[in-house]
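Chemist: Sequence plus the predicted model coming up.
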Amino acid sequence: MPIDSDAASAADHEFEVWAGLTRSLPDSPPGDLAPIEAAVVRFHDPRPDLERRAAAWGYELGQGDLGDLARFGAALARAEAEAWRADEPHLATRALEDRRFLVGDRIIHWAVPYLDAVGRCYPDRRQPAYRYRDALLAMGERMRCAPAVVGREGVAAPGEDSFGPLEVSAALGERLLSVWSGLVVFRATLESMHGHRLEGRSFDEDWLDDPSFRRDLTTLYQIAVRRWIRIAESHPGTARLWLDLSERAEKTSAALARSGRLLVSGYGDDGHGHDEDDQTHKGQGPPEPAE
Amino acid sequence: MTTHQEHDDLAIPRLQPGSELVNYPPPDRWDDWEEYDAKAWPERVKNRFRLVPTTCFNCESACGLLAYVDQDTGEVRRFEGNPAHPGSRGRNCAKGPATINQMYDPERILHPMRRRGPRGSGEWEQVSWEEALEDIGGRMRKAIQQGRHDEIMYHVGRPGEDGFMDRTLKAWGVDGHNSHTNVCSSGARVGYATWMGHDRPSADFANADFILLLSAHLETGHYFNPHAQRIIEAKQKGAKLATVDPRLSNTASMSDYWLSPWPGTEAALLLAIARLLLAWDAVDHDFIRRWVNWEQTLVERYPDRAVTYDNFVVVMKEQYASYTLEYAAEETGVAADRIEAVALEIARAGHRFASHTWRSAGSGNLGGWQVARCLWFLHVLTGAVGTEGGTSPNSWDKFKPEHWNMPPPHSRWNELLWPIEYPFSHHELSILLPHFLKEGRGRLEVYFTRVFNPVWTYPDGFSWIEALTDEEKVGLHVALTPTWSETAWYADYVLPMGISAERHDTHSYETHAGRWLGFRQPVLRVAGERDGREYRRTYDANPGEVWEETEFWIDLSWQVDPDGSLGIRKWFESPNDPTRPVSVDEYYGWMFENSVPGLPERAAAEGLTPLEFMRKYGAFEVDKDIYEVHERSVADGDLGLDGLARKNGKAIGVEVAPGEVKTGFDSPSRKLEWWSQTMHDWGWEEEAIPTYLNTHVYWRDMDLAGNERILVPIFRLPTLIHSRSGNAKYLYEISHGHPLWMHPSDADELGYGTGDLVRINTDIGYFVMRVWRTEGIRPGVVAASHHLGRWRLDDARGNGRWSSALVDIKNQGTQWTMRQKKGIEPFDSDDPDSARIWWRDAGVHQNIAFPVHPDPISGMHAWHQRVRITPAEGSDRYGDVSVDTARSHEVYREWLQLTKAGPGPEGLRRPRWLHRPVKPTPDAYRL
């Protein structure tokens, strides 16, 4: 007997949300950052993990960009709805579970900051970008992908937060170009602060010697701190992500304000955020490459 | 995987989940696998492992395991599934990972021991393997030299290997193979064998549309992992599942249909379904016409009928006309509409109807073997034999490699094992051994119990204690065991044998429609050898001096025949150097090189020898998608007038149509035998067709208005394994205690509430346990699982303290009593968990209060008991047992009267075509 519940209708609704997103994706800013996790994060390649998830359902993965992921999400939502109606709860729950982890592990943590930055940087794309962002946040609430957990113990591996390693021994320019710095910075933003047109999305550490550039960049991160906290307060289902991002943004802004250069050895040395007794992030040698 | 990529207007594909397993370490990194130590958190501590595959030893299905051998400490840290194993596909039940408990149990027997005081006194001394081998081998040599071959007996509980012991016994020339099979599966085996020679089913669950289980027991416990995962696969694809069980088992609770009949009436239920299939004409006439022995049946059983297929259908309809739905409902207690619904499902499924029975009804009842015969009848009617989604004979899906240098069959016949009264017993009459010894039918000079615990597992355990403590009857008792057990306590030698990660074996089981070969190996030895270490014997690598049997039997055979004069040693000499014993590498290297099709090529593709391949992966898939083997053409046989094609005198095919010779089945006619000529010839005409026989616990014969009830004592707990889980702390933490299941209507009638102590009175005594009111059992039936009720006589040893009660046994003449002095308690040991034990209930040893009930045809012990349930008396305590072994001998004699003793036609002790272990030469069958 088909199961008489609202579950199928809820999945239908979510299908419509995802399908709507596939129809109204903001155009990718030309010559700027593409809506792909690997590009936004830079320090790890999620492709194998995405391929594994897609293969489990026979989904033919494309570029893995936001449009592709929205199609996958829509397909999973429809699979869930149809499974409830076909009296196949084992399939339905699996589709729901896989969609929840898809959103939590592979989409929301980078796509929300990305879309938020698109809206701020590219006014002509603001509406679709914010619509997508808000839809993801609403889904995050329903799925409670990353609720704030007191103490965070066991939620992330030692030396990491919900985004990944806190210490990254990459070149400074690389790090500021990653969402792991606490913010997505587009090429257009850098151009407007620096006053020169750039060949591509890149960062020259010498620019930090310019006090006005450094101040503007610091301010950008300080604003981000508050913005992430506000988002966390209004979205408890994903608050952990935004609190972590706010801490990252705060560390970045503090480092920028103090020295003009980020310390290559990482956030832990700047005297903020970790006390001397916290062995979690210290004395463990070079950080492990992310998988 | 089924994938639908039907893009709609939104370019959103439709999805279907696949079944691929992921997240296992890839095999190319097994030799050096790194991962963080979870317990070291928040520190990041890396561990480096060698992952060595082996196979589980805890139930029969031999699922693949991966041992994580720590490269720093050289110890196994844990066991997980082996994704390269075709049967288990990387998955395990709770019993697999618990192997780590068994390996590092602080109370483990680590060295060979010999008794010092009287047998059973609990006084032991440590001896070397050399001393033990010399003593045991010497006594065997003397027995063989004096022609007392039948006084040597090997009695196996969990075989876990395939063919090595057959070879060993043949080399000794001893008809001494004894097994546990007649407390296990003899019943079902005879039911299947009388149809087709093959003695087990192999269901293609994954592809079935409808699955009928008369053995929730099996799918819950024994073959749980490989079968359950495929049943779930089928359910994911829409299959329906029905379980026939008087008890709401785990499997029944997951089924679409739960049919709860009176125990022993299952055959009536199945025949009612058969009648419906015939009435609806939902049968595969082409299949029946081609593959059933209908012509022979009509000629011999119905000589007044014309030999036409239509007449055969008429005969079947007449035969089962009385099995109406109304009759079946009345007889079985299952609602008619439920039976009809299941019949409809079977009819709809057609060739995609899969089923299984193994123990359950077949092992609970007098005549239980007919349940398997009636179940297979449904397959014959629907043509769901050997089809995709149907059920095949087991041997089609089981791969048996050749063993190196196989000795010829012996020509002896051991009457202690194959008594003349039971010509159809599928396996040895092992439950009757104490009674045969008591009657003076023979004695034993050297009796090996091998991973076998009859004192506890078998019915009538006090009779076993009487036999084992009588040195006139049993000269030397050698217990080969990985754990302490109630039986090992009564041994002269307790020899520690390895578990799954400590021994070599090969095996293959019918897990699905494919064939595979598994290779069990001692993982510490393999890991050490990869590090460049050399070992003379496996006990040099295992914990303590724990050995493996492959090397043990080879070395023992050299001790039996050190100079080769008995003709035994030659079978165990190295092919490369006859002055030393054959090595394990030589033995299995030959097997993998010469008798496993495709393995040498597959290994070569990876630049490995076949042995290296098996050591690397632990298993090899020989072939898959095996269906309709009976339809394979036979080209090279000589066709006789009887329609059989023969080669070297052995039937290998049958002519099913003019000029069409096919492989067929293993029955005498090589067809499916609805009527068995053999049974007819041996005096069992009524039983020669699928029929319904009344059980010894027939509900109409019970005083149900009084305090009589049917006790179902044979269901398993999915997390335990008879004796061997006694030292698995993970498992006992999950499962301990086994109340008496009682329906609320019975409980109200008899006046019991949950937790009340009751006496359960059997034909030979009683035991005391607690009641559990539950609607998960049929009214009129009570049930208690086996696996629990372990005991020891010494506070410090004799059985795992994780699982056993300390008991006091008293004996006066033939009267025996057992009382628990204390239950399970925490204890101090090297394992801090032993001080954390929080469970107290060891359960009650119910089997010891059961008399033997050997079915006169199959020899199967009919486990169900007619019991009287009375309130515990003033002095009764939980776990009390009282038995009169004189009465148990009387019950044995009563059941013996039901038999029809041989010899049969041609003066034979037993039909030659019927399988038996270590088959002797044809002349040995003649009395």
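Modeler: Arrived safely.

Chemist: Give me the residues contacting the helix ranked longest in chain A.
Modeler: In chain A, taking DSSP state H as the definition, the longest helix is helix A:211-234. Applying C-beta atoms under 8 Å, 6 or more residues apart in numbering or on different chains, the external contacts of helix A:211-234 come out as A:112, A:116, A:137, A:148, A:176, A:181-183, A:185, A:189, A:193-194, A:207-208, A:238-239, A:241-243, A:245-246, A:249-250, A:252-253, A:256-257, A:260. C-betas here are computed from N, CA, C, even on glycine.

Chemist: Give me the subset of those lying in helices.
Modeler: Per DSSP H, helices hold the following members of the contacts of helix A:211-234: A:112, A:116, A:137, A:176, A:189, A:193-194, A:239, A:241-243, A:245-246, A:249-250, A:252-253, A:256-257.

Chemist: Show me how to select, in PyMOL, the buried members of the residues you listed.
Modeler: With 16 or more other C-beta atoms under 10 Å in any protein chain shown as the criterion, this PyMOL line picks the buried residues out of the ones in helices among the contacts of helix A:211-234:
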select buried, chain A and resi 112+116+137+176+189+193+194+239+241+242+243+245+246+249+250+252+253+256
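
Chemist: domain ranges for chain B?
Modeler: Per automatic domain parsing, the domain ranges recorded for chain B read B:27-107+B:502-541+B:596-624, B:186-393, B:702-896.

Chemist: Among those, single out whichever gets nearest to residue B:681.
Modeler: domain B:186-393 (9.9 Å; C-beta to C-beta).

Chemist: Now the terminal residues of that closest one, how far apart.
Modeler: 16 Å (C-alpha to C-alpha, to the nearest Å).

Chemist: do it and chain A meet?
Modeler: Yes - using C-beta under 8 Å from any C-beta of the partner chain, we find that domain B:186-393 touches chain A at B:232, B:235, B:236, B:238.

Chemist: how many other residues sit next to the last one?
Modeler: Residue B:238 has 10 neighbouring residues, counting by other C-beta atoms under 10 Å in any protein chain shown.

Chemist: For it, list the residues it contacts.
Modeler: Going by C-beta under 8 Å, 6+ apart, residue B:238 touches A:88, B:209.

Chemist: Distance check, it against residue B:352.
Modeler: From residue B:238 over to residue B:352 the distance is 11 Å, taken as C-beta to C-beta, to the nearest Å.

Chemist: Any idea which residue of chain A lies closest to chain B?
Modeler: residue A:58 (3.1 Å; C-beta to the nearest C-beta).

Chemist: Quick check: phi and psi at that residue.
Modeler: Torsion angles at residue A:58 (phi, psi; degrees, to the nearest 10) stand at phi 70, psi 20.

Chemist: and what of residue A:35?
Modeler: Residue A:35 adopts backbone torsions of phi -80, psi 70, taken as degrees, to the nearest 10.

Chemist: That one: neighbour count?
Modeler: Residue A:35: 25 surrounding residues under other C-beta under 10 Å.

Chemist: contacting residues for the closest residue to it other than its chain neighbours?
Modeler: Of all residues not flanking residue A:35 in the chain, residue A:66 sits nearest, at 4.1 Å (C-beta to C-beta, 6 or more residues apart in numbering or on different chains). Counting by C-beta under 8 Å, 6+ apart, residue A:66 makes contact with A:21, A:25, A:35, A:36, A:107, A:111, A:114, A:132.

Chemist: Just the buried subset of those, written out for PyMOL, thanks.
Modeler: Selection of buried members from those for PyMOL, criterion 16+ other C-beta under 10 Å:
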select buried, chain A and resi 21+25+35+36+107+111+114+132
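
Chemist: farthest pair in the contacts of residue A:66?
Modeler: Maximum distance among the contacts of residue A:66 (C-beta to C-beta): 15.8 Å, for A:21 and A:36.

Chemist: I'd like to know how many residues surround the closest residue to chain A within the stretch 501-650 of chain B.
Modeler: At 20.1 Å from chain A, residue B:512 is the closest residue in the stretch 501-650 of chain B, using C-beta to the nearest C-beta. By other C-beta under 10 Å, the residues close to residue B:512 number 25.

Chemist: Look at it and give its secondary structure.
Modeler: Following DSSP: H, G, I helix; E, B strand; the rest coil, the label given to residue B:512 is coil.

Chemist: That one - nearest residue in space that isn't next to it in sequence?
Modeler: Spatial nearest neighbour of residue B:512, chain neighbours left out: residue B:230 (5.8 Å); criterion: C-beta to C-beta, 6+ apart.

Chemist: cool, and residue B:317?
Modeler: residue B:278 (5.3 Å).

Chemist: Can you check the pLDDT for residue A:149?
Modeler: Looking at residue A:149, its pLDDT is 75.

Chemist: And residue B:433, by the same measure?
Modeler: 98.

Chemist: Check the gap between it and chain A for me.
Modeler: Distance, residue B:433 to chain A, by C-beta to the nearest C-beta, to the nearest Å: 48 Å.

Chemist: Go ahead and confirm that residue touches residue B:468.
Modeler: No - using C-beta atoms under 8 Å, residue B:433 is not in contact with residue B:468; the gap is 10.1 Å.

Chemist: Alongside chain B, which residues does chain A contribute?
Modeler: Contacts of chain A with chain B, taken as C-beta under 8 Å from any C-beta, map to A:18-19, A:22-23, A:52, A:55-60, A:71, A:74-76, A:78-79, A:88, A:90-91, A:94-95, A:154, A:157-159, A:279-280, A:284, A:288.

Chemist: Can you turn the buried subset of those into a selection I can paste into PyMOL?
Modeler: In PyMOL, a selection of the buried entries from those looks like this (16+ other C-beta under 10 Å):
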select buried, chain A and resi 18+19+22+55+56+57+58+59+71+74+75+76+78+79+88+91+94+95+159+280
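
Chemist: Check for me that residue B:592 belongs to a strand.
Modeler: No - judged by three-state DSSP, residue B:592 forms no part of a strand; its state is helix.

Chemist: Quick one: residues contacting it.
Modeler: Residues near residue B:592 by C-beta under 8 Å, 6+ apart: B:401, B:599, B:600, B:603, B:609, B:610, B:611, B:613, B:614.

Chemist: Tell me which two of these sit farthest apart.
Modeler: Largest separation among the contacts of residue B:592 by C-beta to C-beta: B:401 and B:609, giving 15.7 Å.

Chemist: Once you drop chain neighbours, what's closest to the residue nearest to the spatial centre of chain A?
Modeler: Centroid check for chain A by C-alpha atoms, centre = their mean gives residue A:110 as the closest residue, at 1.5 Å. Nearest in space to residue A:110, with sequence neighbours left out and distances taken as C-beta to C-beta, 6+ apart, is residue A:40 at 4.5 Å.

Chemist: Residue B:809 now?
Modeler: Using C-beta to C-beta, 6+ apart, the nearest residue to residue B:809 is residue B:818, at 5.2 Å.

Chemist: Enumerate the positions of whichever strand or helix holds that neighbour that are buried.
Modeler: Assigned by DSSP states H and E, residue B:818 belongs to strand B:815-822. By 16+ other C-beta under 10 Å, the buried positions in strand B:815-822 come out as B:816, B:817, B:818, B:819, B:820.

Chemist: Does the first one touch residue B:883 like I think?
Modeler: Read it as residue B:816. Yes - using C-beta under 8 Å, residue B:816 is in contact with residue B:883, at 4.9 Å.

Chemist: Identify the residues contacting residue B:786.
Modeler: So residue B:786 contacts B:457, B:713, B:714, B:715, B:716, B:722, B:846, B:847 (C-beta under 8 Å, 6+ apart).

Chemist: Narrow the contacts of residue B:592 to those in helices?
Modeler: B:599, B:600, B:603, B:610, B:611, B:613, B:614.

Chemist: Kindly present these as JSON lines, with separate columns for distance to residue B:794.
Modeler: As requested, the ones in helices among the contacts of residue B:592 are arranged in JSON lines below (distance: C-beta to C-beta, whole Å):
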{"residue": "B:599", "distance to residue B:794": "48"}
{"residue": "B:600", "distance to residue B:794": "52"}
{"residue": "B:603", "distance to residue B:794": "50"}
{"residue": "B:610", "distance to residue B:794": "47"}
{"residue": "B:611", "distance to residue B:794": "43"}
{"residue": "B:613", "distance to residue B:794": "46"}
{"residue": "B:614", "distance to residue B:794": "42"}
